[in-house]
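Colleague: Sequence first, predicted model second:
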Amino acid sequence: MTSRSLVLPVIVIAQFFCTSLWFAGNAVMNNLVSDFGLEEGALGILTSAVQFGFITGTLLFAILTIADRFSPSKVFVACAVFGALFNLGTIYPENSFLSLVTFRFFTGFTLAGIYPVGMKIASDYYKEGLGKSLGFLVGALVLGKGFPHLVKALTADLPWESVILLTSSIAVIGGVLLYLTVPDGPYRKPASRFNFTALFSVFKHPRFRQAAFGYFGHMWELYTFWAFVPVILISFQGIHPETSFNVPVLSFLIIGLGGLACVLGGYISKDFGVKRTATTALFLSFICCITSPFVILSGSEIFLIAFLIFWGLVVIPDSPLFSTLVAQYAPEESRGTALTIVNCIGFAITIISILLIEYLRFLIPVEWVFVFLAIGPGLGLINLIINPRSLSEIKS
């Protein structure tokens, strides 16, 4: 058994190792297209398959209250092992487009037992300092998603399959490490039986509902921003042909620094308060959305890069903080289910947002498209401001 002081580092390492499965397929996407003779349109479908798998998994886990009825550590390791196996399926030499989509879908499905369950485990150990703890976990998630791209760059002289082999291997290591060293936490209150109504009843609590709706507004913006960072950079080059960017490196930097912001946000919330810190981050990212056209049209490369780095820093730290509020205000016996269903709805929102922005950028000038990302943060802020007493301030 790991000492209490080492529990959080173990969960963070396990989360980082296991969430590397998320974008493993993206890191070798060009190889998949060329080696298996896929159509160019397969890129978006294979990418979306993981998201749909995650949504399906979180919905099923929530309906069956898996994280509350069973040991979270056992759920975590089982999903890590199965996720690694589905990820390995990507390198099967006889793959078809359908089999690749299936493997990516089920990889996403298993991540439903890793990301939200990791947060559940942390909430079972930390009542005080939960915001800081989840800040580390979401920071690990951000780095885990970017890690396959780094592996791809470092193994450029090796077969592309090495990326899949490495990410699958470390996912198993992460799952086993957590299972062997982090038992069920002292604040865990297991559900004694299957409770279908827990999926809906958690939303009857006003403070939980307000925290969840703040998270939903944040999710409208987050993944769409991440997905379209390269588009913003390339569009800027199109509008200002005299500019030249290393788009992959800048994209990794803009997204990856968000992991550091999650950690810093957790520490700030200890003194500033969880709700206040989350609301501030949501407001700053809202400002970035509505000012983005003017920055893109400015013509200044330095200004654009600084702006996107700042946007990347403020777009993510409210994620662990809203999750903290969700965990704090969910009934103890339904906390795992609450975290899982909120994740499920949040990720479903990301798909709608991504598809809307993808559609709009062919209808209107691209520099004005990203204003529509303000819809989510705007509604989230209204939700938080309308009833400020609903979420009593807690320290991280």
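Modeller: Right, received. Where do you want to start?

Colleague: what residues are up against the closest residue to residue 366 other than its chain neighbours?
Modeller: Excluding the flanking residues, the one nearest residue 366 by C-beta to C-beta, 6 or more residues apart in numbering is residue 235, at 4.5 Å. Every residue, glycine included, has its C-beta placed from N, CA and C. The neighbours of residue 235, taking C-beta atoms under 8 Å, 6 or more residues apart in numbering as the test, are 296, 366, 367.

Colleague: Would you mind giving the residues you listed as JSON lines with neighbour count, distance to residue 184 and secondary structure added?
Modeller: Below are the contacts of residue 235 laid out as JSON lines (neighbours: other C-beta atoms under 10 Å; distance: C-beta to C-beta, whole Å; DSSP: H, G, I helix; E, B strand; the rest coil):
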{"residue": "296", "neighbour count": "24", "distance to residue 184": "49", "secondary structure": "helix"}
{"residue": "366", "neighbour count": "20", "distance to residue 184": "49", "secondary structure": "helix"}
{"residue": "367", "neighbour count": "19", "distance to residue 184": "51", "secondary structure": "helix"}
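
Colleague: Could you count how many residues lie near residue 363?
Modeller: Per other C-beta atoms under 10 Å, the neighbour tally for residue 363 reads 7.

Colleague: should've said residue 248
Modeller: Applying other C-beta under 10 Å, we find 13 residues neighbouring residue 248.

Colleague: which stretches of the stretch 51-200 of the chain aren't confidently modelled?
Modeller: Applying pLDDT under 70 to the stretch 51-200 of the chain picks out residues 127-131, 187-200.

Colleague: which stretches of it form strands?
Modeller: With DSSP state E, counting those that start in this stretch as the criterion, the stretch 51-200 of the chain has no strands.

Colleague: Give me the local confidence score for residue 343.
Modeller: Looking at residue 343, its pLDDT is 81.

Colleague: secondary structure class for residue 364?
Modeller: Put simply, residue 364 is coil when judged by DSSP: H, G, I helix; E, B strand; the rest coil.

Colleague: Now that we're looking at it, what pLDDT does it have?
Modeller: Predicted confidence (pLDDT) for residue 364: 91.

Colleague: Need the per-residue pLDDT for residue 227.
Modeller: pLDDT, residue 227: 78.

Colleague: My error: substitute residue 377 in the last question.
Modeller: pLDDT recorded at residue 377 is 96.

Colleague: before we move on, what about residue 390?
Modeller: 56.

Colleague: cool, residue 230 as well?
Modeller: pLDDT recorded at residue 230 is 81.

Colleague: Which helix or strand contains the residue nearest to residue 366?
Modeller: Using DSSP states H and E, residue 235 maps to helix 206-239.

Colleague: Just give me how far that helix sits from the chain centre.
Modeller: Helix 206-239 sits 11 Å away from the centroid of its parent chain (C-alpha atoms, centre = their mean, to the nearest Å).

Colleague: List the buried residues in that helix.
Modeller: Buried positions in helix 206-239, judged by neighbour count with 16 or more other C-beta atoms under 10 Å: 207-233, 235-236.

Colleague: how close does residue 386 sit to residue 380?
Modeller: Separation of residue 386 from residue 380 (C-beta to C-beta, to the nearest Å) stands at 11 Å.

Colleague: Compare those two (neighbour count), which wins?
Modeller: Ranked by neighbour count (other C-beta under 10 Å), residue 386 and residue 380 place residue 380 first, with 28 against 9.

Colleague: what residues are up against the closest residue to that one other than its chain neighbours?
Modeller: Distances taken as C-beta to C-beta, 6+ apart place residue 217 nearest to residue 380, at 2.3 Å, with adjacent residues excluded. Counting by C-beta under 8 Å, 6+ apart, residue 217 touches 282, 376, 377, 378, 379, 380, 381, 383.

Colleague: rerun at 7 Å
Modeller: Taking C-beta atoms under 7 Å, 6 or more residues apart in numbering, we find residue 217 in contact with 282, 376, 377, 379, 380, 383.

Colleague: what about residue 137, how many neighbours?
Modeller: By other C-beta under 10 Å, the residues close to residue 137 number 26.

Colleague: What residues does residue 164 make contact with?
Modeller: Residue 164 sits next to 24, 28, 87, 88, 90, 91 when contact means C-beta under 7 Å, 6+ apart.

Colleague: er, residue 23 actually
Modeller: Residue 23 is in contact with 145, 148, counting by C-beta under 7 Å, 6+ apart.

Colleague: do you know how far it is from residue 51?
Modeller: Look at residue 23 and residue 51: by C-beta to C-beta, they are 11 Å apart.

Colleague: still on that earlier bit, the contacts of residue 164 in helices, which ones?
Modeller: 24, 87, 88 (DSSP state H).

Colleague: measure the second one to residue 169 for me?
Modeller: Shown here: residue 87 relative to residue 169, a distance of 10 Å by C-beta to C-beta.

Colleague: So for these two, which sits in the more crowded spot?
Modeller: More neighbours surround residue 87 than the other of residue 87 and residue 169, with 26 against 15 (other C-beta under 10 Å).

Colleague: That one touches residue 107, doesn't it?
Modeller: Yes. Counting by C-beta atoms under 7 Å, residue 87 does reach residue 107; the two are 5.2 Å apart.
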